[in-house]
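Student: Sequence and predicted structure below; questions after.
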There are 4 protein chains.
Amino acid sequence: MSATWGNRFKVTVFGESHGAAIGVVIDGVPAGIELDMQAIERDMLRRSAKGKEGLATARREEDKAEIVSGYFNNRTTGTPLTAIIRNGDTRSGDYARTASLMRPGHSDYGYYVKSGGFNDYRGGGHSSGRLTAPLVFAGAVAKQILADRGVKIGAHILCVADVKDAAFDALAPQLDAVDNNGMLDSSLWEQVKSRVEAAAAEGDSVGGVIECAICGLPAGAGEPLFDSVESAISHMMFSVPAVKGIQFGLGYAMCGMKGSEVNDSFFYDGDSVATRTNNNGGVLGGITTGMPVIFNVAIKPTASIFKEQDTIDVSKHCDARLALHGRHDPCIVLRAVPVIEAAAAIAVCDLTV
Amino acid sequence: MSATWGNRFKVTVFGESHGAAIGVVIDGVPAGIELDMQAIERDMLRRSAKGKEGLATARREEDKAEIVSGYFNNRTTGTPLTAIIRNGDTRSGDYARTASLMRPGHSDYGYYVKSGGFNDYRGGGHSSGRLTAPLVFAGAVAKQILADRGVKIGAHILCVADVKDAAFDALAPQLDAVDNNGMLDSSLWEQVKSRVEAAAAEGDSVGGVIECAICGLPAGAGEPLFDSVESAISHMMFSVPAVKGIQFGLGYAMCGMKGSEVNDSFFYDGDSVATRTNNNGGVLGGITTGMPVIFNVAIKPTASIFKEQDTIDVSKHCDARLALHGRHDPCIVLRAVPVIEAAAAIAVCDLTV
Amino acid sequence: MSATWGNRFKVTVFGESHGAAIGVVIDGVPAGIELDMQAIERDMLRRSAKGKEGLATARREEDKAEIVSGYFNNRTTGTPLTAIIRNGDTRSGDYARTASLMRPGHSDYGYYVKSGGFNDYRGGGHSSGRLTAPLVFAGAVAKQILADRGVKIGAHILCVADVKDAAFDALAPQLDAVDNNGMLDSSLWEQVKSRVEAAAAEGDSVGGVIECAICGLPAGAGEPLFDSVESAISHMMFSVPAVKGIQFGLGYAMCGMKGSEVNDSFFYDGDSVATRTNNNGGVLGGITTGMPVIFNVAIKPTASIFKEQDTIDVSKHCDARLALHGRHDPCIVLRAVPVIEAAAAIAVCDLTV
Amino acid sequence: MSATWGNRFKVTVFGESHGAAIGVVIDGVPAGIELDMQAIERDMLRRSAKGKEGLATARREEDKAEIVSGYFNNRTTGTPLTAIIRNGDTRSGDYARTASLMRPGHSDYGYYVKSGGFNDYRGGGHSSGRLTAPLVFAGAVAKQILADRGVKIGAHILCVADVKDAAFDALAPQLDAVDNNGMLDSSLWEQVKSRVEAAAAEGDSVGGVIECAICGLPAGAGEPLFDSVESAISHMMFSVPAVKGIQFGLGYAMCGMKGSEVNDSFFYDGDSVATRTNNNGGVLGGITTGMPVIFNVAIKPTASIFKEQDTIDVSKHCDARLALHGRHDPCIVLRAVPVIEAAAAIAVCDLTV
């Protein structure tokens, strides 16, 4: 509890990494929308390990989402839209040996305690990054709903290890300039790749930052208190495994600045209202200003590494050493871009649809 | 919508800065608890401007919370616990003149659009930082419930402008070492004060960072997805006005590190399980590890400054200049420490009670 | 838990019969509505014991609702609308003597167990019928919101003891024909009165049925499953103390009829769609048909009677006799008409606003 | 919205009668429970048309529920438990011809308006009684959880048309005495059968009443206001298609009785508290008394009949005649017994687990 999120665009995610299937039920999809199935598949593919040889897990999931409800004659019906993704290429045996060894950096131990030892430990079970696949499906649907209302969402890799990409222009984020690798500055891709490959070669992993922009949201969305735009977005972001921080606009950098430096001045841009800067990332007092909503999230280095680590064996009740095998991403950041977009789309859809 | 938050410890906050009263209804308080009223008043006082002459607004609120329900014969009854705080010392006239001038850095414009112009603009109305008073009341109650279960929460000023306090020991946060000003290192207080006074003297403001630790939470709290500990806490943090960022454990610093550097090794500390480091801030995959939960939040410089600013006049539909009068804090950080503690206590109470 | 109900029109009720105050927070009121305070007071007065001498409790509450938030310049602001009603004329001493004697027909014993003995036993505490006062306030607000959308709600006494009033015309309920006593057929009032007075004279009580109609709801409101119109309305109705049954349209009478007798035929009434009969009470498969929504609720005889009764003493842990004193209604039905209207208005507002 | 119900035992139902699949996600199942799959199948079979030749639809669904998540090594994991039921034996062609003809007694017209004409009209789509199959699955799980806590739920046919079965003993409901046909008095089954067959022979349908008892619930469950036991149960009951009324205990009969006649006297039955009668059906002021919770629900005659009916054609915008074909139950009551049990189990599980 709770695998359901949202009030108006309610998303329920289910499944385990190595169970029969994972999936999502979306309640609150308006009726009559013709889904662009290719766009959904494109996002699913961006999240998948395909085409990322050497940079991502060798597990080859089809990630084929079957829509089993809420869609009729090529249109949404307004009833719960359900997609099921069968799990395949599972090598559960990889995990059986290490079931009682708590992987450092993972939820294994917390989940073990929480479930009284009844958790599905294979690949992290319900905690697995694989659960972001149904999230991406839901996000792809949310993006289409939002696009119909003029709201566009895009994310890119802001940094991986010490390689820093350019940031979005806070007044006019260049969503269309993000390349297929998730970079604004394509020339940096080789450096990103080499950092990830170097870490992988050592059996280690690296982290990074993803920046996301939401364009076209009118002023007045969100609430001053518990349903602030930042509350809703951060709630969803921290539902994505490995996210450890979030900041809106200039975020932490504002702490060292003066009020006169960070306040964004309003002006009339013809008939519409805008701000001359967008230091606050499009949200003031929890409510959108009508400027692009901009934030970034910190993604920690993949917890699954191949270096031998100290840990505990909960069945033998003693300290132990753990050498992971299996197939893992040396850097989650590369595949997380569409996940962050999806999580943002779900949050915004819930606030505004 | 929504002024209500939580599933098990449900908090409803109401009121406007210059209305008749503000208050809170807490649903889900266990029956039979004898509240320590002095502890509640102490937290209310820490949040208030009292005793912070020169560092905080000159508005002198009594902030006297009257409990009108859910309390009988000095014990909670298990029914909704309601506290009402009458507003006093309001100089609403300060705001009438500038009602149509949207204060930069505030939610004025967003709220104006959202409410169709029917918002109570006086002092930000429902968006005012004053609404953190009922939050502190609810948090003080939550803290007592948690204390009975061995959970203790404390926060301190990690930095103001360029003055940096020591950080909590991530393995054993020194909650009791925080002084009355909210500092771990008391010797830095004079520097903090001088930065705030200097900003105030210029009619400007400064921001900072508050660090918070939750000790005694057992392993297994929280959920892998939408009710991750980080989701719940961040949701509440971004409900606090002026918070623009949050990070758990090493947070953003992890992005430049290797997996082998940030993974926290488990070991048996006698019969109990612990980790040798606590880089992940006590949460893995959304679930507590049993180590202290540690995070910090970025608080922007107060939006209300006395320097003249560019803005718009929504009634005249033109650009304008705004020189604020009234009474404002040159640095919210100083008063926000108990608010962050309260927000954390509410989130944790909802996850675990 | 939970004293909060609703998704879009969220109502939080707090207070105890003999505590300092009772009240309600309504979240989800649209901004810009000028409330008709006299209409609110009128409903509050209908619920109160005033003008019902001999037919209702002698407790004389002012039931003066003070709006403390969400209302500015005579308009709703869209933020939580809060009303507080101070309790007065409490004779708590009436209850102290009998605190450990569980009143038959009341929630005393269940509440005693639930709260571990910490409940406010005075007059039923949070379970008291007095809590319907804030409900009526919220309902009066809901009615005004609905009236602006062309939806009108009215209820009347369908029977008291063996006196049966005429029923609403299911195709065109005569909302305006209900008289001040809550009767469609005013000539029956003297009979109603005599039944209630006769019961009161014996120290006993009588029950009855209230019929309610919601006119002007367009087709398409509600959901097929968990948010069926009937689910929402019945949920609210059973939140009203003493309600023990509800039926929509012909209700139980349909069980003895054929499908061909109860199905309502659709036809085009000019451009609009209607049904020739309204046996289903305006709801089919959980969704409105556009015809009036009609239902009635069974209200049991007041549990508080003056005849001596068998019960238990939970402090002495033995059987006991209880002779109630205090002030009680010999028939709740008479005062419950505006409560049923209010509960219906809240449910409909939540489904449609 | 909303296809999700519950706070602690959260049930999400999805699917359409003639779509690819229907199913349910249950969030809040405790970890470590070994499900009795045969008991689940037994309830699914009781709901299905199998073995009810001549009394139920000829549609032959396998109703085979595949559990795809939340179950590992024959135990629940505490994560969302998901079951999927593939639709088979669909003759969607039966419905295509009549897509624009609104079936009287069904939600067709309301749903048509609600969805802007994009609803899946085949067999009622999401409104179909077929959606009670996943509900029965969830209820079967809930029953097992409750049984572990000593709570047992059973229902029986109280009447069909004019044939009246015996009622449960309110003090000690004979749950085990209910026979395979759902009757307490087995001798009446032939009469029930003949009434249903007679209606079927005329192309018509009949309704009835189902009585349900919940035994073993301790005192103190439920809340005085919005989460009263009656609110929760009635909410779920009206989520079941064709339910048009509900009454607890003596229900409507109480309206004609005196308070002294319906109040249930408490007494000490050894160490435990009981009432000498159970006229209030085990609930007082919304809270359980510890006595069996007893209620019954009115189920209208099946809306799908074969007699020609007046209706409208929404595509031609004119009045029309409709002669239904397809396969339908002449009396839903016979198959609804396990559905009512399931709905009750879900409500009680949510209130108490």
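Tutor: Sure thing, it's come through.

Student: Can you list the residue ranges for helices in the stretch 201-350 of chain A?
Tutor: A:229-237, A:259-262, A:333-352 (DSSP state H, counting those that start in this stretch).

Student: which residue sits closest to A:A56, ignoring its sequence neighbours?
Tutor: Nearest non-adjacent residue to A:A56, counting by CB to CB, 6 or more residues apart in numbering or on different chains: A:A49, 3.8 Å away. Heads up, the C-betas are built off the backbone N, CA and C, glycines and all.

Student: any idea how far chain C is from that neighbour?
Tutor: For A:A49, the distance to chain C equals 38 Å [CB to the nearest CB, to the nearest Å].

Student: sorry, back to before: will you turn the helices of the stretch 201-350 of chain A into JSON lines that also has distance to D:F238, mean pLDDT and mean neighbour count?
Tutor: Converted to JSON lines, these look like this (distance: least, CB to CB, whole Å; pLDDT from 0 to 100; neighbours: other CB atoms under 10 Å in any protein chain shown):
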{"stretch": "helix A:229-237", "distance to D:F238": "31", "mean pLDDT": "98", "mean neighbour count": "29"}
{"stretch": "helix A:259-262", "distance to D:F238": "53", "mean pLDDT": "97", "mean neighbour count": "21"}
{"stretch": "helix A:333-352", "distance to D:F238": "26", "mean pLDDT": "97", "mean neighbour count": "27"}
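
Student: lowest-confidence helix or strand of chain A?
Tutor: The weakest-scoring helix or strand in chain A, judged by mean pLDDT, DSSP states H and E, is helix A:93-96 (a mean of 71).

Student: Next up, the contacts around A:N74.
Tutor: A:34-35 (CB atoms under 8 Å, 6 or more residues apart in numbering or on different chains).

Student: Quick check on it: phi, psi?
Tutor: phi 60, psi 30 (degrees, to the nearest 10).

Student: Please apply the same query to A:D162.
Tutor: Dihedral angles (degrees, to the nearest 10) for A:D162: phi -100, psi 10.

Student: nearest spatial neighbour of A:L284, skipping sequence neighbours?
Tutor: In space, A:L284 is closest to B:S107, 4.9 Å off (CB to CB, 6+ apart).

Student: and the residue lying closest to A:K258 once chain neighbours are set aside, how many neighbours does it have?
Tutor: Leaving aside its sequence neighbours, A:K258 sits nearest to B:D204 (CB to CB, 6+ apart; 4.7 Å). By other CB atoms under 10 Å in any protein chain shown, 19 other residues sit near B:D204.

Student: A:Y95 now?
Tutor: A:Y95: 22 neighbours (other CB under 10 Å).

Student: List the residues that contact it.
Tutor: A:18, A:121-123, A:326.

Student: which secondary structure element contains the closest residue to A:I346 other than its chain neighbours?
Tutor: Nearest non-adjacent residue to A:I346, counting by CB to CB, 6+ apart: A:A142, 5.1 Å away. A:A142 belongs to helix A:132-148 when elements are defined using DSSP states H and E.

Student: Taking helix A:229-237 as reference, get the angle to that helix.
Tutor: 150 degrees (axes from the mean of the first three to the mean of the last three CA atoms, to 10 degrees).

Student: Pull the helix or strand just after helix A:132-148 out as CSV, backbone CA atoms only.
Tutor: Using DSSP H and E, the helix or strand that follows helix A:132-148 in sequence is strand A:152-160. In CSV, the C-alpha atoms belonging to strand A:152-160 read as follows (Å, rounded to 0.1, in the frame of the first residue of the first chain):
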residue,chain,number,x,y,z
LYS,A,152,4.4,19.2,-23.7
ILE,A,153,6.9,17.4,-21.5
GLY,A,154,10.5,16.5,-22.2
ALA,A,155,13.6,15.5,-20.3
HIS,A,156,17.3,15.1,-21.0
ILE,A,157,20.4,13.9,-19.3
LEU,A,158,21.8,16.9,-17.4
CYS,A,159,24.9,15.0,-16.2
VAL,A,160,26.4,11.5,-15.9
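
Student: Show me the contact partners of strand A:152-160.
Tutor: Residues outside strand A:152-160 that contact it (CB under 8 Å, 6+ apart): A:143, A:146, A:164-165, A:167-168, A:173, A:175-176, A:178, A:181-184, A:192, A:195-196, A:206-216, A:296, A:331, A:333-334, A:337-338, A:340-341, A:344-345, A:348, B:255.

Student: got it, and stretch A:313-326?
Tutor: A:91, A:94-95, A:98-104, A:109, A:112, A:117, A:123, A:304-306, A:308-312, B:267-268.

Student: could you redo the last one with a cut-off of 7 Å?
Tutor: Outside stretch A:313-326, the residues that touch it by CB atoms under 7 Å, 6 or more residues apart in numbering or on different chains are A:94, A:98, A:100-103, A:112, A:304-306, A:308-312, B:267-268.

Student: how long is it end to end?
Tutor: 19 Å (CA to CA, to the nearest Å).

Student: Do me a favour and average the pLDDT over it.
Tutor: In this model, stretch A:313-326 carries a mean pLDDT of 92.

Student: any weak-confidence spans in chain A?
Tutor: Regions of chain A meeting the criterion pLDDT under 70 cover residues A:1, A:58-61, A:89-94.

Student: Which entries within the contacts of A:Y95 meet the buried criterion?
Tutor: For the contacts of A:Y95, a burial check counting by 16 or more other CB atoms under 10 Å in any protein chain shown picks out A:18, A:121-123, A:326.

Student: distance between stretch A:128-145 and the chain's centre?
Tutor: Taking CA atoms, centre = their mean, to the nearest Å, one finds the center of stretch A:128-145 at 9 Å from the center of the full chain.

Student: Next, give phi and psi for the spatially most distant residue from the centre of chain A.
Tutor: Seen from the C-alpha centroid of chain A, the residue lying at the greatest distance (CA atoms, centre = their mean) is A:G270, 36.5 Å away. In terms of degrees, to the nearest 10, the main-chain angles of A:G270 are phi 70, psi -120.
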